[in-house]
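Asker: Below are the sequence and a predicted model; questions follow.
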Amino acid sequence: MNPALTIANKEYSLANRSLSTYIIYGVYLLACGIWFALNALKMGAADMRGIFSIMHTLFLFFIPALTMGSIAKERSTGTLELISTLPIKLSHIVWGKFLGVLFQLATVLLFTLVFAFLISLFGIGVDYGAIFTGYLGLLCAGSAFIAIGIFASSLTDNQVLAFISALAISGVLFIIGRISDLIPLKLFATIEYLGFDYHLENFLKGVIDTRDLIWFAAVTIIFILLAQFRLQAQNLSQER
Amino acid sequence: MLAIKNLSRSFGDIKAVQNISFTADKGEIVGFLGPNGAGKTTTLRMIVGYLQPDSGLIELDGENVFDNPLAASARIGYLPELNPLYDEMMVDEFLRYIADLRRMKEPNLSERLELVRDKCGLDEVWKQKIATLSKGYRQRTGLAQAILHNPDLLILDEPTSGLDPNQILEIRDLIRELGEDKTVILSSHIMQEVQALCSRVIIIHRGQIIVDDSIENLGSYISGTSEIVLELEAENPDFQPWLIQYPEVQLTEIEQKDEHLELKFTIPVEMDIRKELSAYVLDQGWNLISIYKETQSLEEIFHLLTSQEPFYTEEEILEEEEMLSEGDNKPETEEEATSLEETQEPSNEEESSTKEQQ
């Protein structure tokens, strides 16, 4: 098996054994569920745009909580030294960590299918295509959030600091599309393009645009590479 | 097998490792000894590829490890300092994880797992969570991880630190066994450890190798002379006729103890004249009570060689560089040792020297 998958598999199974993971899952699902019950369900909404938007907003806290330990904890316990002296590349380590958290995110998104089920029960004229693309969009946005979180975790051996830096970096990308009042009109189109919302919006409408896919992939790859460079810069062997 | 050539590494202004060179052969257990902060861990981390050297070469069987770091690390087993492990994992699960990352395949994998389980005595805790292990078992798990893939070169960074005496003996036995067909480099700040395990010792201090020799030869690094103490009963014994035969030997002290005289002779370290001296004493009809050679203990040697501030001040670095440029890059170990010795107070030497009784 590819070492990245071995690492992802181990990350995922260790996370599933830890109580803190379930607390993080629980808080996230509870927050989404409360919003869903108070708004979408009460109004008998037939689409999931509202709940998707909330799920996306809560990624800001949820995903840094999942990623904060990924490299920071390995560094503080010293196991980073152990795995980086094995005959694997550093890219295996960072992509393995990335995939491990992505599986966790997918697991949690599976639970939110309950919302889709309830909407299909109560809503009239449900657009299942848009629900599918919405989930796809959330996974894409989630990947970008995870990459940012892993990069933040690679900066430090302090998990709290990793959480805060991940929140700060992804917060900037999140808020950029929502502060139109503060941005000169001429620049707005460019700056809006850099934000998450602009790209997620198409997915929520039921449109898969390759430009959006490329944008999320680019953010993911850039931050994973940054994390890898960060580990390399710590004077691990070149070429790894 | 392993050859280190002119390896250097700094952290900012601190020169952690300066221009060190040594080699280690198959079947050799090399003790890497030095006080805390001497540069042991830095050197070992460079060998395993965790740290990039500023300059210098590390060769495994003639191949530069940085040309193909993955192939090199496949041949190296490494037990890092403080033995980091995944606490949430079980012992067998952890070893399987490491094996997977090393891409070990069945049936070799099961064979090796069974072998390290027996060798490291992990049977009892095989299915136990690592967080619940005792320190001794943790250390064994770390060792099992390091030898799992049957490496040619085994790097152990303070493998017995924090263990109780029984555990230390067990781990030492294991290392000794492993050293039979591998190259083992073992770092320690404890002299007895190196003495018990290693055929060769490299003492590193302030990032430089000050001694690289077999344990038996260590004594000669510290002083060019050793001392013979002679206790006898005689009135005004005259040694002049005997001393004329041995111009290197000097009678340095005569002291009247309760019932007898104590005489001290200084001789070159490679010389032993106890036989001749006692024969002379008996010839003269004096009562010989005892005669012994005083040698420095290894602890004392280690202390003398390394009991200075762990790092250079800037002035010292400049001085050192001047010295290095004069003396052909690599410092002459003996000169270095002697110069270190001169800075010590002589009283230190006498206090804790041991006695080798004849």
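Answerer: In hand now; what should we look at?

Asker: contacts, neighbours, all on C-alpha from now
Answerer: Noted.

Asker: Okay, and B:Ile210 sits in which element?
Answerer: strand B:208-214 (DSSP states H and E).

Asker: scratch that, B:Gln52
Answerer: Applying DSSP H and E as the criterion places B:Gln52 outside every helix and strand.

Asker: repeat for B:Thr252
Answerer: strand B:250-256.

Asker: now the following helix or strand past the strand holding B:Ile210: how far from the chain's centre is it?
Answerer: Next helix or strand after strand B:208-214 toward the C-terminus (DSSP H and E): strand B:225-233. From the chain centre to the centre of strand B:225-233 is a distance of 30 Å (C-alpha atoms, centre = their mean, to the nearest Å).

Asker: Can you tell me which helices and strands strand B:225-233 packs against?
Answerer: strand B:261-268, strand B:287-295 (3 or more C-alpha pairs under 8 Å, 6 or more residues apart in numbering or on different chains; DSSP states H and E).

Asker: tilt between the helix or strand that the shortest one is followed by and strand B:287-295?
Answerer: So the one you mean is strand B:261-268. The helix or strand immediately downstream of strand B:261-268 is helix B:274-283, counting by DSSP H and E. Inter-element angle recorded for helix B:274-283 and strand B:287-295: 160 degrees (by axes from the mean of the first three to the mean of the last three C-alpha atoms, to 10 degrees).

Asker: Stretch B:34-41 near chain A at all?
Answerer: No - using C-alpha under 8 Å from any C-alpha of the partner chain, we find that stretch B:34-41 stays clear of chain A, coming within 12.0 Å at best.

Asker: mean confidence for that stretch?
Answerer: For stretch B:34-41, the per-residue pLDDT values average out at 85.

Asker: buried sites along that stretch?
Answerer: Buried positions in stretch B:34-41, judged by neighbour count with 16 or more other C-alpha atoms under 10 Å in any protein chain shown: B:34-35, B:37-41.

Asker: got the residues of the stretch 251-358 of chain B near chain A?
Answerer: Taking C-alpha under 8 Å from any C-alpha, no part of the stretch 251-358 of chain B reaches chain A.

Asker: Remind me which helix or strand A:Leu118 belongs to.
Answerer: helix A:113-122.

Asker: And the helix or strand just after that helix, what does it pack against?
Answerer: Where DSSP H and E defines the elements, the next helix or strand beyond helix A:113-122 is helix A:128-154. Secondary-structure packing of helix A:128-154 (3+ C-alpha pairs under 8 Å, 6+ apart): helix A:49-67, helix A:69-77, helix A:90-111, helix A:159-175, helix A:196-205, helix A:210-233.

Asker: Could you check the angle helix A:128-154 makes with helix A:90-111?
Answerer: 140 degrees.

Asker: Quick one: mean pLDDT for helix A:128-154?
Answerer: 95.

Asker: Ok, stretch A:61-71 next?
Answerer: What stretch A:61-71 shows for mean pLDDT is 95.

Asker: so does that stretch get close to chain B?
Answerer: No - using C-alpha under 8 Å from any C-alpha, we find that stretch A:61-71 stays clear of chain B, coming within 12.7 Å at best.

Asker: how about the CA coordinates for that stretch, as PDB?
Answerer: What follows is stretch A:61-71, C-alpha atoms only, in PDB (Å, rounded to 0.1, in the frame of the first residue of the first chain):
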ATOM      1  CA  PHE A  61     -14.100  25.800  13.600                       C
ATOM      2  CA  PHE A  62     -14.800  22.200  12.900                       C
ATOM      3  CA  ILE A  63     -11.900  21.500  10.500                       C
ATOM      4  CA  PRO A  64      -9.200  23.300  12.400                       C
ATOM      5  CA  ALA A  65     -10.300  21.200  15.400                       C
ATOM      6  CA  LEU A  66      -9.700  18.000  13.400                       C
ATOM      7  CA  THR A  67      -6.400  19.100  11.800                       C
ATOM      8  CA  MET A  68      -4.800  20.900  14.700                       C
ATOM      9  CA  GLY A  69      -3.000  17.900  16.100                       C
ATOM     10  CA  SER A  70      -2.100  16.300  12.800                       C
ATOM     11  CA  ILE A  71       1.500  17.500  12.700                       C
END
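
Asker: looking just at contacts, which helices and strands does the helix holding A:Leu118 meet?
Answerer: Secondary elements touching helix A:113-122 (3+ C-alpha pairs under 8 Å, 6+ apart): none.

Asker: Give the residue spans of chain A that score low on pLDDT.
Answerer: A:235-240 (pLDDT under 70).

Asker: Spatially central, which residue of it would that be?
Answerer: A:Gly142 (2.6 Å; C-alpha atoms, centre = their mean).

Asker: dump the residue contacts of B:Ile202.
Answerer: Shown in contact with B:Ile202 (C-alpha atoms under 8 Å, 6 or more residues apart in numbering or on different chains): B:30-33, B:209-213.

Asker: out of those, which one sits closest to B:Arg102?
Answerer: B:Val30 (25.8 Å; C-alpha to C-alpha).

Asker: Just the buried positions in whatever helix or strand the closest one lives in, please.
Answerer: Using DSSP H and E, B:Val30 falls within strand B:29-33. The neighbour-count check on strand B:29-33 (16+ other C-alpha under 10 Å) flags B:29-33 as buried.

Asker: of the residues you listed, closest to B:Thr266?
Answerer: Looking across the buried residues of strand B:29-33 and measuring by C-alpha to C-alpha, the closest to B:Thr266 is B:Leu33, at 29.5 Å.

Asker: host element of the nearest residue to A:Leu86 once chain neighbours are set aside?
Answerer: Setting aside the residues directly before and after it, A:Leu86 is nearest to B:Ser73 in space (C-alpha to C-alpha, 6 or more residues apart in numbering or on different chains), at 6.1 Å. Assessed by DSSP H and E, B:Ser73 sits inside helix B:69-74.

Asker: Against which helices or strands is the next helix or strand along the chain from that helix packed?
Answerer: Tracing the chain past helix B:69-74, the next element assigned as helix or strand by DSSP H and E is strand B:76-79. In terms of contacts (3+ C-alpha pairs under 8 Å, 6+ apart), strand B:76-79 is packed against helix B:135-147, strand B:153-157.

Asker: Reformat these as JSON lines; add mean neighbour count.
Answerer: Listed next are these as JSON lines, based on neighbours: other C-alpha atoms under 10 Å in any protein chain shown:
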{"stretch": "helix B:135-147", "mean neighbour count": "23"}
{"stretch": "strand B:153-157", "mean neighbour count": "25"}
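
Asker: Turn those into JSON lines, columns for distance to chain A and mean pLDDT.
Answerer: JSON lines is the format used below for these (distance: least, C-alpha to the nearest C-alpha, whole Å; pLDDT from 0 to 100):
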{"stretch": "helix B:135-147", "distance to chain A": "10", "mean pLDDT": "91"}
{"stretch": "strand B:153-157", "distance to chain A": "11", "mean pLDDT": "93"}
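
Asker: B:Leu57 is nearest to which of the ones you listed?
Answerer: In terms of C-alpha to C-alpha, the element of the helices and strands packed on strand B:76-79 nearest to B:Leu57 is strand B:153-157, at 16.5 Å.
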